[in-house]
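[1] Turn this into a structure:
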Amino acid sequence: TTRPTTRPLLGSAIAAGPLFLTAGVTQGLLRDGYDFTRNAISQLSLGDLGWIQKTSFMLTGALIILGAAGIRQALNGGPGSTWAPRLIAVFGASFLVSAVFTADPGAGFPPGTTQGPATSISTSGTVHMLAGIAGYLALCAAFLVLARHFSTQAQRVWATTSRTIPAAILTGFAASATNVL
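    Residues are numbered from 1 along each chain as shown. Below you'll find the predicted structure:
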């Protein structure tokens with residue numbers, strides 16, 4: 001049986017993705033100078049309205065960390081119950097770091113920034129990028145740990161899905177990073 005708090009904690013993790021994407025897409029559509037084909041969602045943390053994206057990073061990170069606690073409870077001491085939640089919590093923490101250390105301006109955003117790519121990267125931009133890399137690698141590792149859990153539970157579809165998702169995550173992250181750089 002699961003604890004009464006498990007479902008709300010798991011719900012936090014489920015809410016994190018849609019919250020982050022909705023906030024980013026909405027801002028991207030409404031902020032002057034932002035171009036989805038040239039700018040990273042992280043760049044929305046710049047400028048006068050940057051506080052909105054910083055808040056999105058903070059809320060998303062907190063929800064993911066709460067979700068990691070729910071996953072620990074749901075796995076209930078079984079395979080993956082130690083490392084999957086820890087790795088997911090690292091992913092959540094990467095959003096908190098990204099709220100504090102902003103991405104660098106570039107590719108015309110915020111308005112007034114040169115249209116070309118940035119010629120150098122600041123300390124804040126470096127920490128932001130490294131936090132994202134560490135977070136997404138931790139998420140990929142968490143899925144691989146969960147694949148083992150699902151395999152021991154004879155849940156083949158979930159095990160296969162958990163092994164496949166990291167490739168999609170890494171492809172998306174690399175494509176985004178390459179496009180923005």
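
[2] Point out where the chain drops to low pLDDT.
    Counting by pLDDT under 70, the chain shows low-confidence ranges at 1-2, 177-181.

[3] how about the helices of this structure, start to end?
    Applying DSSP state H to the chain gives helices spanning 6-30, 50-75, 83-100, 123-152, 156-180.

[4] helices or strands up against the fourth one?
    Okay, so that is helix 123-152. If you count contacts as 3 or more CB pairs under 8 Å, 6 or more residues apart in numbering; DSSP states H and E, helix 123-152 packs onto helix 83-100, helix 156-180. Yep, even glycine has a C-beta here, placed from its N, CA and C like the rest.

[5] and that helix, which residues are buried?
    By neighbour count with 16 or more other CB atoms under 10 Å, helix 123-152 contains the buried residues 125, 128-129, 131-132, 135-151.

[6] swap in the second one?
    Neighbour-count burial for helix 50-75, counted by 16+ other CB under 10 Å, picks out 50, 52-54, 56-57, 59-75.

[7] now the third one
    Taking 16+ other CB under 10 Å as the neighbour-count basis, helix 83-100 is seen to contain the buried residues 83-99.

[8] who touches it?
    In this structure, residues lying in contact with helix 83-100 by CB atoms under 8 Å, 6 or more residues apart in numbering are 13, 16, 20, 42, 45, 54-55, 57-58, 60-65, 67-69, 71-72, 75, 127-128, 131-132, 134-136, 138-139, 141-142, 145-146, 149.

[9] how about 7 Å then?
    Contact partners of helix 83-100, identified using CB atoms under 7 Å, 6 or more residues apart in numbering, comprise 42, 54, 57-58, 60-61, 64-65, 67-69, 71-72, 75, 127-128, 131-132, 134-135, 138-139, 141-142, 145-146, 149.

[10] swap in stretch 122-133?
    Applying CB under 7 Å, 6+ apart, the external contacts of stretch 122-133 come out as Ser42, Ser94, Val97, Ser98, Phe101, Thr102, Ala103, Asp104.

[11] export it as CSV, just CAs?
    Presented in CSV, the C-alpha positions along stretch 122-133 are these (Å, rounded to 0.1, in the frame of the first residue of the first chain):
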residue,chain,number,x,y,z
SER,A,122,29.6,34.4,-18.8
THR,A,123,30.1,32.6,-15.5
SER,A,124,26.3,32.7,-14.9
GLY,A,125,25.7,31.4,-18.4
THR,A,126,28.3,28.6,-17.9
VAL,A,127,26.7,27.6,-14.5
HIS,A,128,23.3,27.6,-16.1
MET,A,129,24.4,25.4,-19.0
LEU,A,130,26.3,23.0,-16.8
ALA,A,131,23.3,22.7,-14.4
GLY,A,132,21.1,21.8,-17.4
ILE,A,133,23.5,19.2,-18.7
